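K.L.:
Here you go, sequence then predicted model.
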Amino acid sequence: MTDKRMVELARLVTRARNRKVTTELEGLVNVVMKVMLSGLEGVMKAVYCERLKTLKSCWIC
């Protein structure tokens, strides 16, 4: 599951590796990935909570 930013980031990293760009770019990529993963983690937690709410309401019925 990707979005446009992930595709652009992957292209940038590929180009950088082919040209042997410095580790500064790798640091930037790591920061961006951490931000994106933390956002994804928040979404997954929200989905998990909604799933639990749904399961609990089904047991009451």
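P.N.:
Okay, I see it. Computed from a predicted model, the values in this text were never measured in an experiment. Residues are numbered from 1 along each chain as shown.

K.L.:
So, low pLDDT: which residues of the protein?
P.N.:
Within the chain, the ranges that satisfy pLDDT under 70 run 1-2, 18-24, 58-61.

K.L.:
how about 50 then?
P.N.:
61 (pLDDT under 50).

K.L.:
Contacts only, for Leu12.
P.N.:
Leu25, Val29 (Cβ atoms under 8 Å, 6 or more residues apart in numbering). For glycine as for every other residue, the C-beta is placed from the backbone atoms N, C-alpha and C.

K.L.:
Pull the number of nearby residues for Lys6.
P.N.:
For the record, residue 6 is Met, not Lys. 13 (other Cβ atoms under 10 Å).

K.L.:
got the contact list for it?
P.N.:
Met36.

K.L.:
quick one: what helix or strand has it in it?
P.N.:
Element membership for Met6, per DSSP states H and E: helix 4-19.

K.L.:
quick one: buried residues of that helix?
P.N.:
Neighbour-count burial for helix 4-19 flags Leu9, Ala16 (criterion: 16 or more other Cβ atoms under 10 Å).

K.L.:
ok, Val32 touching Val13?
P.N.:
No - if you go by Cβ atoms under 8 Å, Val32 and Val13 don't touch, sitting 10.1 Å apart.

K.L.:
if we can go back for a sec, got the angle between the helix or strand just after the helix holding Met6 and helix 4-19?
P.N.:
Going down the chain from helix 4-19, the next helix or strand is helix 23-60, by DSSP H and E. If you take axes from the mean of the first three to the mean of the last three Cα atoms, to 10 degrees, helix 23-60 sits at 150 degrees to helix 4-19.

K.L.:
sorry, back to before: could you export the helix holding Met6 as PDB, CA atoms only?
P.N.:
This file holds the C-alpha atoms of helix 4-19, laid out as PDB (Å, rounded to 0.1, in the frame of the first residue of the first chain):
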ATOM      1  CA  LYS A   4       2.300   9.200  -4.500                       C
ATOM      2  CA  ARG A   5       4.800  10.400  -1.800                       C
ATOM      3  CA  MET A   6       6.200   6.900  -1.300                       C
ATOM      4  CA  VAL A   7       6.600   6.400  -5.000                       C
ATOM      5  CA  GLU A   8       8.500   9.700  -5.400                       C
ATOM      6  CA  LEU A   9      10.700   8.900  -2.400                       C
ATOM      7  CA  ALA A  10      11.500   5.500  -3.900                       C
ATOM      8  CA  ARG A  11      12.500   7.000  -7.200                       C
ATOM      9  CA  LEU A  12      14.600   9.600  -5.400                       C
ATOM     10  CA  VAL A  13      16.500   7.000  -3.400                       C
ATOM     11  CA  THR A  14      17.000   4.800  -6.500                       C
ATOM     12  CA  ARG A  15      18.500   7.800  -8.500                       C
ATOM     13  CA  ALA A  16      20.700   8.700  -5.500                       C
ATOM     14  CA  ARG A  17      22.100   5.200  -5.100                       C
ATOM     15  CA  ASN A  18      22.900   5.100  -8.800                       C
ATOM     16  CA  ARG A  19      24.800   8.300  -8.500                       C
END
